[in-house]
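> 3D model of this:
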Amino acid sequence: MIPYGRQIISDDDIAAVAAILRSDFLTQGPVGPRFEQAVAERVGANHAVAVNSATSALHIACLALGLGPGDLLWTSPITFVASANCGRYCGADVDFVDIEPETFNICPSALAAKLEAAAWAGRLPKVIVAVHMCGQSPDMVRIADLARAHGVRLIEDASHAIGADFMGGPVGGCTYSDITVFSFHPVKIITTAEGGMALTNDPELAARMERLRSHGITREPDLMTHAPDGPWYYQQLELGWNYRMTEMQAALGLSQLGQLDAFVARRRELAARYDDALADLALRRPGRQAGACSAWHLYVIRLDDRTRHRGVFEALRAGGIGVNLHYIPVHLQPYYRELGFGSGDFPVAEDYYARAISIPLHAGLTDDEQSSVVDAISQALST
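Numbering: from 1, shown residues only. So this is what the prediction gives:
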């Protein structure tokens, strides 16, 4: 089976993790901060907060922005459920904005119309989570302008997009947002096994996220309610969580970060080869966002004939091609249906779901394997 995605672990990666196992610190040591600094420098952000998953990063990002009960978060329906669940963790309500059919990201025109209606109704979102689907930035210029005009805070869920660029700058620098989140899950561009990171240029947001990832505790005397009882003293200032990243994860991430350019270059090469090889088949290839250069976490095709969707998917799986589907529209999940969402609410997202297939794309995919994928797709569509 040719998988749709997989990690690449080098001997240097293994050595980096082994060195931690022989060291004094398995958690809360010096490597975590080094990894944070390296990622922040790579993308041009002032602060980075490493955590145990991108889901955790989204959660503390929402909390740092003050999202809570009675507030509203908007995001894309075509994303992993975590992009919406982070709002529910905070007790907020969640709604969605339909996608652009070609980029699979939030449609700025739909967002503008929905914000205008929400402003008229007096029910604007407090936070928008703008997903970088498949590794490609949405139109963050328009989205940021709209958010700013309505006083809405903005999180970039760039879980797919470390190594991507937008308008000539790296995704993650928070040029357009309050906070950007990366994922380091094994199928992402680089991995820490499980792990994530929140980046920001705001020192207060960074400090609060650092507390929230570690039980809401501080050891900073200036933040305490009274002078420390002694050098052992700490205070819990608010309810937090244990979302810390281990030293082993950070060491793996730091080693993987040195391979980021090579990984992204290979993914872009493979995506270009797919563009050429699939051009004459009865499907639609991924569209491009102006000003964006994708990191190509995923390559998603959409079938011209949606009635053949399941049959083609199953034929590819049966032929040893490990295709997948990213994603089931979040508003159609049973949990969100119980909150009042249903079929027909976001028709572009639902049409995408009826046609989309994620085909193999990862830096370890060989040219021969890619040719096998193309041949299998061609055969499945012709039968």
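
> which stretch of helix or strand covers residue 154?
Applying DSSP states H and E as the criterion places residue 154 in strand 153-157.

> List the neighbouring strands of that strand plus their orientation.
strand 127-131 (parallel), strand 179-183 (parallel) (DSSP bridges).

> And the closest residue to residue 34 other than its chain neighbours, how far from residue 324?
Distances taken as C-beta to C-beta, 6 or more residues apart in numbering put residue 254 closest to residue 34, at 6.2 Å, once the chain neighbours are dropped. To be clear about C-beta, it is placed using only N, CA and C from the backbone, and glycine gets the same treatment. Remark: distance between residue 254 and residue 324 (C-beta to C-beta, to the nearest Å) = 29 Å.

> Looking at these two, which one has more neighbours?
residue 254 (21 against 18; other C-beta atoms under 10 Å).

> so which strand or helix has the more buried one?
helix 247-257.

> And for that helix, what's in contact with it?
Contacts of helix 247-257 with the rest of the structure, by C-beta atoms under 8 Å, 6 or more residues apart in numbering, involve 10, 12-13, 16-17, 19-21, 23, 25-29, 31-32, 34-35, 38-39, 42, 50, 52, 184, 190-195, 245.

> could you pull out the helices for the chain?
Listed in chain order, the helices of the chain (DSSP state H) span 11-21, 31-43, 54-64, 82-89, 108-121, 140-149, 203-212, 247-257, 260-277, 309-318, 334-337, 347-353, 367-382.

> just checking, what packs against the longest one?
Right, helix 260-277. When contacts are defined as 3 or more C-beta pairs under 8 Å, 6 or more residues apart in numbering; DSSP states H and E, helix 260-277 sits against strand 299-303, helix 367-382.

> centroid residue for the protein?
For the chain, the residue nearest the mean C-alpha position is residue 159 (1.9 Å; C-alpha atoms, centre = their mean).

> Name the nearest residue to it, ignoring sequence neighbours.
Nearest-residue entry for residue 159: residue 183, 3.6 Å, with adjacent residues in sequence omitted and distances by C-beta to C-beta, 6+ apart.

> about what we covered before: can you give me the distance of the residue nearest to residue 34 to residue 337?
42 Å.

> Check residue 227 too.
53 Å.

> More neighbours: which of those two?
Higher neighbour count among residue 227 and residue 337: residue 337, with 13 against 8, using other C-beta under 10 Å.

> How much space separates the closest residue to the more buried one other than its chain neighbours from residue 354?
Among residues not flanking residue 337 along the chain, residue 331 sits closest, at 7.6 Å (C-beta to C-beta, 6+ apart). For residue 331, the distance to residue 354 equals 15 Å [C-beta to C-beta].

> who does residue 179 bridge with?
residue 155, residue 200.

> Could you tell me how many residues sit around it?
Residues lying near residue 179 (other C-beta under 10 Å) number 30.

> quick one, what contacts it?
The neighbourhood of residue 179, defined by C-beta under 8 Å, 6+ apart, consists of 61, 64, 65, 155, 156, 198, 199, 200, 205, 209.

> Next: residue 361.
Under the criterion of C-beta under 8 Å, 6+ apart, the neighbours of residue 361 are 4, 5, 267, 270, 271, 274, 296, 297, 298, 299.

> any idea how far it is from residue 257?
Residue 361 is 20 Å from residue 257, by C-beta to C-beta.

> Repeat that for residue 249.
With distances taken as C-beta to C-beta, residue 249 is found 12 Å from residue 257.

> Same drill for these two, tell me which one is more crowded.
Neighbour count, other C-beta under 10 Å: between residue 249 and residue 257, residue 249 has more, with 25 against 21.
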